[in-house]
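A.B. asks: need a 3D model of the following:
(one chain, ligands or ions: 2)
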Amino acid sequence: MPLTDFKVGEKYKYQNGLGSYHETEAVDGALPIGTNSPQKSPFGLYNEKLSGTAFTAPRGENQQSWLYRILPASAHKPFEARETDTFDTNPGIHDWVHSLRLVAGAGDPTMKSGLGIFIFAAGKDMNPHEAFYSADGDLLIVPQHGALDIQTELGKILVRPNEICVIPRGIRHRVTLPEGPVRGYILELYQGHFGLPELGPIGSNGLANVRDFQAPVAHFDEDTENEYTLFAKFSGHLFAAKQNHTPFDVVAWHGTYYPYKYDLGRFNTIGSISYDHPDPSIFTVLTAQSEHAGTAIADFVIFPPRWLVAENTFRPPWYHRNTMSEFMGLIHGQYDAKTGGGFQPAGASLHNVMSAHGPDAATHEKASNAQLKPMKVGEGSMAFMFESCLMVGVTEWGLKKCAKVQEGYNAESWEPLKPHFQRPTPAEIVNGTAHGTKGPAANGAQVPHYT
Ligand SMILES: O=C(O)Cc1cc(O)ccc1O
Ligand SMILES: [Fe+2]
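C.D. replies: Ligands and ions are numbered 1, 2, ... in the order given. Sure thing, here's the model as predicted:
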C-alpha cells in the first residue's frame, strides 16, 4: 500500500515528476525571470549553478540547477581531513555522517566509475549546525527502520521504510531522526545518474510512474551568526570545513538536478499471466546504465507483494548463475526465495558474478509441490536488489568487523537439496510417456513438445 496517502503536514511539500524541469520559490518573486544570472538577483540573493553533468552533456542527459541563495556555497574556511574509518569515538550512537559503513563496492570514485554499498545505523540527529555532502556520487537511500528527516539545500524530504530517496552528488544535507534510531542501506553511484528503465512493449505507463517521484519545494533558514561544520566525503575520505552561516539558505531554485523520493508502494508490478518466471528486470524501479545499452552499473529492483498465477511453473526464482552481481536486502517481511529463515529484515546477501544461487531447500520443496492456485506472495513484505554488471568486492568491515556474516549460508540454503532424478524405464520411453511435463495448456490446447 502506498504510504504517502496520508498528510505529512506543511513541513514537507513536494513537486511531482522525475527528469522534469522543476522550479520553486520559498519567497514569491525570488526566481529571476528570463535570465539565470542577472547582475543583481531579486532580494539581493546570490546566483549559483550546480552541475550534475558536464556542461556539454547532451540535452537528454544534461542535469543542472540554478540556486538563489543568501550566501554562496563557496563561503567556507578550508577543508581539513577528518577521521575516516575511526569515527567510533562515541561507541554505539552515531549520527548520519558517522553511521555510514561501506560494506561492498566496485570501482573508484576518483575515476567516477563504479558504486559503493553502505549499511547505516544511526541513533542520533546530526547537530543543528552541521551539514554533509558526498562528492563521490549519488546516494540512493533505502531506509529499513525509522524515518529520515532530510533537510537538503533544495528543500526537505521525509523518507520512511518502504520509501527511497536519491540525494545527488554534492547536495548538502542534514539528517534528523523524528522517530528515533534508523537503519538501512545506501547505494552510492560513482558514475552517471539514476533514471527510469525503458518500458518497451509494456507501453507508456507501468513499473515506477514518472509522476510518483517527488522533489522538495524550496525551503530556507536564515542564519549568518552561528558557526556551522560542513562535512564532505571526497574520494572515500571525510573532510570538514567551518563556515559562519547556514548551508540551508537557498530561497529559490530551478533546474533538473535535485533530490527526490519515491514510495515503493506505488510501484505498478507486472508479471507473467501465463507461464514461467520472468526475469526480475520487470521489477526495476531505477536504473543507472553503463555505456553498453541494457547493461546497468546499478539497477534498483524491488520484490513487492504481487499475485502469482503462472500455470505449470516453478514459481519462485529459478536456480541461476548471473554475469551480473546481485546484492539483496530486506526491508520487511519474507523474501519468497528464502523461506528457510536465513534472510531477515535488515540483513543482506551478495551473490557475486557467477555465484550459483536460487531458492533454498525449504522453498524448493514447498514450491515444487504447491497447488498452483492464484496466490499472493510477499504480503507485508519488501525485498530489494542492487544489481550491477560489476564484480562487487566486500570490505573488511563487511567480511569481519560487522561480525554478522552467516557462515552456514550455503550449508543451510542448498546443501540440503536432494536429487529427485529418476531415469525413465525402457517401457516409458517406448510408450512415449517419458517427455517430462508438458506446457501449461491452460485452455486445453495441445502444447507441442519434442522428444
Ligand atoms: O536471486 C534472487 O533472488 C533475485 C532474483 C529474483 C528473480 O525473481 C529472478 C532472478 C533473480 O536473480
Ligand atoms: Fe539472483
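A.B. asks: now do stretch 254-263: distance from first to last residue.
C.D. replies: Distance between the two ends of stretch 254-263: 23 Å, counting by CA to CA, to the nearest Å.
A.B. asks: mind checking the pLDDT average for that stretch?
C.D. replies: Here stretch 254-263 scores 98 as its mean pLDDT.
A.B. asks: how far out from the middle of the chain is that stretch?
C.D. replies: 14 Å (CA atoms, centre = their mean, to the nearest Å).
A.B. asks: list the residues that contact the residue of the stretch 301-450 of the chain found nearest ligand 1.
C.D. replies: Of all residues in the stretch 301-450 of the chain, Pro317 sits closest to ligand 1, at 3.5 Å by CB to the nearest ligand atom. No exception for glycine: its C-beta is placed from N, CA and C like everyone else's. Neighbour list for Pro317: 277, 280, 336-337, 358-359 [criterion: CB atoms under 8 Å, 6 or more residues apart in numbering].
A.B. asks: give the next helix or strand downstream of the lengthiest helix in the chain.
C.D. replies: If you go by DSSP state H, the chain has its longest helix at helix 361-369. As assigned by DSSP states H and E, the chain's next helix or strand after helix 361-369 is strand 375-377.
A.B. asks: and that next one, does that touch ligand 1?
C.D. replies: No - against ligand 1, strand 375-377 shows no contacts by CB under 6 Å from any ligand atom, the least distance being 10.6 Å.
A.B. asks: quick one: strands adjacent to the helix or strand just after that strand?
C.D. replies: Counting by DSSP H and E, the next helix or strand C-terminal to strand 375-377 is strand 382-388. Counting by DSSP bridges, the strands paired with strand 382-388 are strand 296-303 (antiparallel), strand 325-332 (antiparallel).
A.B. asks: out of these, deepest packed?
C.D. replies: strand 296-303 (a mean of 25; mean count of other CB atoms under 10 Å).
A.B. asks: quick one, what contacts the most centrally placed residue in the chain?
C.D. replies: Nearest to the geometric centre of the chain sits Leu140, at 4.5 Å (CA atoms, centre = their mean). Applying CB under 8 Å, 6+ apart to Leu140 gives the contacts 164-166, 186-189, 194, 286, 298, 300.
A.B. asks: dump the strands paired with strand 382-388 to TSV, plus distance to Gly44 and mean pLDDT.
C.D. replies: Shown next, in TSV, are those (distance: least, CB to CB, whole Å; pLDDT from 0 to 100):
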stretch	distance to Gly44	mean pLDDT
strand 296-303	41	98
strand 325-332	45	98
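A.B. asks: domains in the protein, by residue range?
C.D. replies: According to automatic domain parsing, the chain comprises the domains 14-264, 267-406.
A.B. asks: tabulate those (CSV), appending distance to Lys418.
C.D. replies: What follows is the domains of the chain, written out as CSV (distance: least, CB to CB, whole Å):
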stretch, distance to Lys418
domain 14-264, 33
domain 267-406, 8
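A.B. asks: of those domains, which is nearest Leu417?
C.D. replies: Each of the domains of the chain has some distance to Leu417 by CB to CB; the shortest is domain 267-406, at 4.9 Å.
A.B. asks: endpoints of that closest one, how far apart?
C.D. replies: 31 Å.
A.B. asks: and if you look at stretch 171-179?
C.D. replies: First-to-last residue span, stretch 171-179, CA to CA: 24 Å.
A.B. asks: which positions within it qualify as buried?
C.D. replies: 171-177 (16 or more other CB atoms under 10 Å).
A.B. asks: any chance of those in TSV, with secondary structure and pLDDT too?
C.D. replies: Output for these, formatted as TSV (DSSP: H, G, I helix; E, B strand; the rest coil; pLDDT from 0 to 100):
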residue	secondary structure	pLDDT
Ile171	coil	98
Arg172	coil	98
His173	strand	98
Arg174	strand	98
Val175	strand	98
Thr176	strand	98
Leu177	coil	98
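A.B. asks: between those residues, which is nearest ligand 1?
C.D. replies: Using CB to the nearest ligand atom, Val175 comes nearest to ligand 1 of the buried residues of stretch 171-179, at 29.8 Å.
A.B. asks: please name the nearest non-neighbouring residue to the closest one.
C.D. replies: Trp96 (3.7 Å; CB to CB, 6 or more residues apart in numbering).
A.B. asks: the one you found: neighbouring residues, count only.
C.D. replies: Trp96 is flanked by 23 other residues according to other CB atoms under 10 Å.
A.B. asks: swap in the one 4 residues further on?
C.D. replies: For Leu100, the count of nearby residues is 22 (other CB under 10 Å).
A.B. asks: can you tell me the helix or strand for the nearest residue to it once chain neighbours are set aside?
C.D. replies: The shortest distance from Leu100 to any non-neighbouring residue, by CB to CB, 6+ apart, is to Phe118 (4.8 Å). Using DSSP H and E, the element containing Phe118 is strand 113-122.
A.B. asks: tell me which strands that strand pairs with, and in which orientation.
C.D. replies: Next to strand 113-122 in the sheet, as set by DSSP bridges, lie strand 100-108 (antiparallel), strand 182-189 (antiparallel).
A.B. asks: for whatever helix or strand comes next after that strand, what is the average pLDDT?
C.D. replies: Next helix or strand after strand 113-122 toward the C-terminus (DSSP H and E): strand 130-134. Averaging pLDDT along strand 130-134 yields 98.
A.B. asks: cool, thanks, signing off.
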